[in-house]
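Student: Next comes the sequence, and after it the predicted model I'd like to discuss.
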Amino acid sequence: MDATGDPSLPTGSNPLQIHIEVNVKSNSVAKKQDVRLHVLEMLNKHQMIFGDITWSEFDDIFLTNNVNAVAIVDTDLRQPIDLKSCSLLIHIFTLSDDGPSTENLENEDENLTAANHWLLPAAEFHGIWESLIYEDKVKSHLLDYMSTTMLFSDKNVDSNVITWNRVVLLHGPPGTGKTSLCKALSQKLSIRFSERYRYGQFVEINSHSLFSKWFSESGKLVTKMFQKIQELIDDKDALIFVLIDEVESLTAARSASRAGTEPSDAIRVVNSVLTQLDQIKRFPNVVILTTSNLTEKVDLAFVDRADIKQYIGPPSISAIFKIYLSCLEELMRCQIIYPRQQLLTLRELEMLCFQENKVSNLSIVLHKISQKSKGLSGRVLRKLPFLAHALYIQSPTVTLEVFLDALSLAVDKQFEERNNLTSDG
């Protein structure tokens, strides 16, 4: 069993790489090397695993005293894994309990909140990555992109010969989790590259303030804001993530300026932002993350800067099923749904050819609810279990069968309300 900490090494014909995330307690003073050794000893007792798994209770007193959880993550495999034949990449980290701090810039008559920023990995972002469910390996492709980015930087690949900008654009309809994915990706990467960078910083630019309120100024405030970001980048121990949400507001400003409906100063502000982004992307410890709900309004000047233009669409039926499954597991953990009952995964249902029996019945009901939920956003889907309880149950505990009936009614009501809003329009 090989253990290393560098996820950017090319795999080639090397053993399968398995990522192990070790969440160390905030009050622990244990050395990373000692934590690593104890984790390896624990894993040696578990030769075969089946997909992702998390341990939060340990026989080892050292782990009990110093570690919150050990998790095998992002396996994305459907067959058993023999840990003894794998290369184990162990990532040791401690979550920051600090909330977001604000970056304020002085204007003539007010203080403007230019950005919020978090120290990573942040307790506030913990678990978001696992809660986001997409098709087509969206998350793994984003991780692979970053691994290649780091590798090319490490090997001093000439960016004049082969270009990459460290810019990611996530686009798609509202409610599909684009902003959450940016936060989760930043959190994941700050853990994945914890051997290289001691911590991360996540800077969320206040786009609406930047691209509307500040047009009366020149590009001075924009420059000031990016100077603050540059100060973060200058710390080579930090991996910096800059998020511009709803980047189409850039395009709206440029279009309005060209049409004469905004002062000419507006386009100078936008051009200043693009210039600043071009400057900071040269640094190996920065990643620029952007989102857009209106892809047709994102102009080519920005699109050309994006290495990855990833569409994030509404969840498929299989993704909806997984989202509901995770929600029901959480309600069973909290004993709102009681007694606990085992639900089958979609793969297990497929292996049974969806044949109804005592074991599969409730899982088949959940799959039917998932089918009629198609078209709802991930944001709405995760709200529906709450609405199901609030509207149709109102009891401290409920059986799974009764809850599924309530969930089905909540889905129907969601579409009824949507139709009513459409007809009113």
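Tutor: Sure, I can see it. Note that the structure is a prediction, hence the values are computed from the model and not measured.

Student: can we go C-alpha only for contacts and neighbour counts from here?
Tutor: Noted.

Student: Buried ones in stretch 389-402, by neighbour count?
Tutor: Using 16 or more other Cα atoms under 10 Å as the burial criterion, the residues of stretch 389-402 that qualify are 389, 393, 397-398, 400.

Student: Output the contacting helices and strands for the longest strand along the chain.
Tutor: The longest strand of the chain (DSSP state E) is strand 111-120. When contacts are defined as 3 or more Cα pairs under 8 Å, 6 or more residues apart in numbering; DSSP states H and E, strand 111-120 packs onto strand 101-106, helix 178-192, strand 199-205, helix 207-210.

Student: now the one helix or strand Phe226 maps to, how far from the chain's geometric center?
Tutor: Element membership for Phe226, per DSSP states H and E: helix 220-233. Centroid displacement of helix 220-233 relative to its chain, using Cα atoms, centre = their mean, to the nearest Å, is 25 Å.

Student: Next: stretch 323-341.
Tutor: The chain centre lies 23 Å from the centre of stretch 323-341; the measure is Cα atoms, centre = their mean.

Student: for stretch 385-403, same thing?
Tutor: 29 Å.

Student: May I have it as CSV, with CA atoms only?
Tutor: Below are the C-alpha coordinates for stretch 385-403, written out as CSV (Å, rounded to 0.1, in the frame of the first residue of the first chain):
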residue,chain,number,x,y,z
PRO,A,385,-38.6,17.2,1.9
PHE,A,386,-39.0,20.2,4.2
LEU,A,387,-42.2,21.3,2.4
ALA,A,388,-43.6,17.7,2.5
HIS,A,389,-43.2,17.7,6.3
ALA,A,390,-44.5,21.2,6.8
LEU,A,391,-47.5,20.9,4.6
TYR,A,392,-48.6,17.3,5.0
ILE,A,393,-47.2,15.8,8.2
GLN,A,394,-46.5,18.1,11.1
SER,A,395,-45.5,15.2,13.4
PRO,A,396,-42.1,14.8,15.2
THR,A,397,-41.7,11.3,13.7
VAL,A,398,-43.2,9.6,10.7
THR,A,399,-42.7,6.3,8.9
LEU,A,400,-40.9,6.2,5.6
GLU,A,401,-44.0,5.1,3.7
VAL,A,402,-46.1,8.0,5.0
PHE,A,403,-43.3,10.4,4.3
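
Student: so what's Pro315 up against?
Tutor: 133-135, 176, 374-378 (Cα atoms under 8 Å, 6 or more residues apart in numbering).

Student: can you rerun that using 7 Å?
Tutor: Counting by Cα atoms under 7 Å, 6 or more residues apart in numbering, Pro315 touches 134, 377-378.

Student: mind checking how far Val286 is from Ile244?
Tutor: Per Cα to Cα, to the nearest Å, Val286 is found 14 Å from Ile244.

Student: Ile92 looks like it's in a strand, true?
Tutor: Yes. Assessed with DSSP: H, G, I helix; E, B strand; the rest coil, Ile92 lies in a strand.

Student: so what's it scoring on pLDDT?
Tutor: Per-residue pLDDT puts Ile92 at 97.

Student: Number of residues surrounding it?
Tutor: Residues near Ile92, counting by other Cα atoms under 10 Å, number 22.

Student: next one: Ser423
Tutor: Counted with other Cα under 10 Å, Ser423 comes out at 8.

Student: Okay, and it sits in which element?
Tutor: Using DSSP H and E, Ser423 maps to helix 400-424.

Student: Which residue is the nearest non-sequential neighbour of Asp74?
Tutor: Using Cα to Cα, 6 or more residues apart in numbering and skipping residues adjacent in sequence, the residue nearest Asp74 is Asp52, 6.6 Å away.

Student: if I pick the one you found, what's in contact with it?
Tutor: Counted by Cα under 7 Å, 6+ apart, Asp52 has contacts 72-75.

Student: neighbouring contacts of stretch 53-63?
Tutor: With contact meaning Cα under 7 Å, 6+ apart, stretch 53-63 is reached by 64, 68-72.

Student: re earlier: would you single out the least confident of the helices and strands packed on strand 111-120?
Tutor: Taking the mean pLDDT of the helices and strands packed on strand 111-120, helix 207-210 comes last: a mean of 68.

Student: Got a quick PyMOL command for the buried subset of the contacts of stretch 53-63?
Tutor: Filtering the contacts of stretch 53-63 down to the buried ones (16+ other Cα under 10 Å) takes a single PyMOL command:
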select buried, resi 68+69+70+71+72
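
Student: Let me have the contacts of stretch 53-63 in CSV, adding secondary structure, distance to Lys358 and pLDDT as columns.
Tutor: Shown next, in CSV, are those (DSSP: H, G, I helix; E, B strand; the rest coil; distance: Cα to Cα, whole Å; pLDDT from 0 to 100):
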residue, secondary structure, distance to Lys358, pLDDT
Thr64, helix, 39, 98
Asn68, strand, 37, 98
Ala69, strand, 35, 98
Val70, strand, 35, 98
Ala71, strand, 32, 97
Ile72, strand, 32, 96
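
Student: pLDDT weak spots in this structure?
Tutor: 1-13, 106-110, 208-219, 250-267, 269, 299, 424-425 (pLDDT under 70).

Student: try 80
Tutor: Low-confidence segments of the chain (pLDDT under 80): 1-14, 47, 76-79, 104-114, 135-136, 206-222, 249-273, 294-302, 422-425.

Student: just to revisit the earlier point, out of the helices and strands packed on strand 111-120, nearest to Cys327?
Tutor: For the helices and strands packed on strand 111-120, the distance to Cys327 is smallest for helix 178-192, at 17.2 Å, taking Cα to Cα.
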